[in-house]
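> take a look and give me a structure for this.
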Amino acid sequence: MSLEAIKTIVAAESDAEKQRADAIAEAKRIVAAAEAAGKDGVQAARTAAEAQVQALHREAEAKGLETAAKTAAESLNQCQAMENEAGSRLDKAVAIIVEKVVNAQ
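Numbering: from 1, shown residues only. Sure, this is the predicted structure:
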């Protein structure tokens, strides 16, 4: 084999090794970029989910307060109705008691 052929082969091997090293470096860069993009995507999704959870929590709390106020108002109305009914019965009860006391003597 001639010296020129050996030099050509060595140069080709050297070039191939450089291309291989460049390809490995590029692959590592692509993987790192993909991992960073994935982490950014996960963080963005987490942030959006946390915001959604907070919004749902505020909405649920507002609905709970509204329901509690409505229930309290209904209970107050029922209490007032019972008091009114009891007030009308109180006069009858007093009349019955007075009648029994008067008749007992």
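
> so where's the protein shaky on pLDDT?
1, 105 (pLDDT under 70).

> helix or strand: which one has the residue nearest the centre of it?
Most central in the chain under CA atoms, centre = their mean is Val53, positioned 1.9 Å from the mean C-alpha point. Element membership for Val53 (DSSP states H and E) is helix 3-104.

> for that helix, name the packing helices and strands.
Using 3 or more CB pairs under 8 Å, 6 or more residues apart in numbering; DSSP states H and E as the contact test, no helix or strand touches helix 3-104. Every residue, glycine included, has its C-beta placed from N, CA and C.

> now it, how far from the centre of its chain.
1 Å (CA atoms, centre = their mean, to the nearest Å).

> and what of stretch 95-105?
Worked out by CA atoms, centre = their mean, stretch 95-105 lies 68 Å from the chain centre.

> report the backbone C-alpha coordinates of that stretch in CSV.
What follows is stretch 95-105, C-alpha atoms only, in CSV (Å, rounded to 0.1, in the frame of the first residue of the first chain):
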residue,chain,number,x,y,z
ALA,A,95,-107.1,30.2,79.3
ILE,A,96,-107.3,26.4,79.9
ILE,A,97,-105.1,26.7,83.0
VAL,A,98,-107.0,29.6,84.4
GLU,A,99,-110.3,27.8,83.8
LYS,A,100,-109.0,24.7,85.6
VAL,A,101,-107.7,26.7,88.5
VAL,A,102,-110.9,28.7,88.8
ASN,A,103,-113.1,25.5,88.5
ALA,A,104,-110.9,23.7,91.0
GLN,A,105,-111.8,26.2,93.7
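
> ok, residues contacting it?
By CB atoms under 8 Å, 6 or more residues apart in numbering, no surrounding residue is in contact with stretch 95-105.

> list the buried residues in that stretch.
Within stretch 95-105, no residue counts as buried by 16 or more other CB atoms under 10 Å.

> dump the residue contacts of the residue nearest to the centre of the chain.
By CB under 8 Å, 6+ apart, Val53 has no neighbours at all.

> mind checking how far it is from Leu90?
54 Å (CB to CB, to the nearest Å).

> what does Asn77 give?
20 Å.
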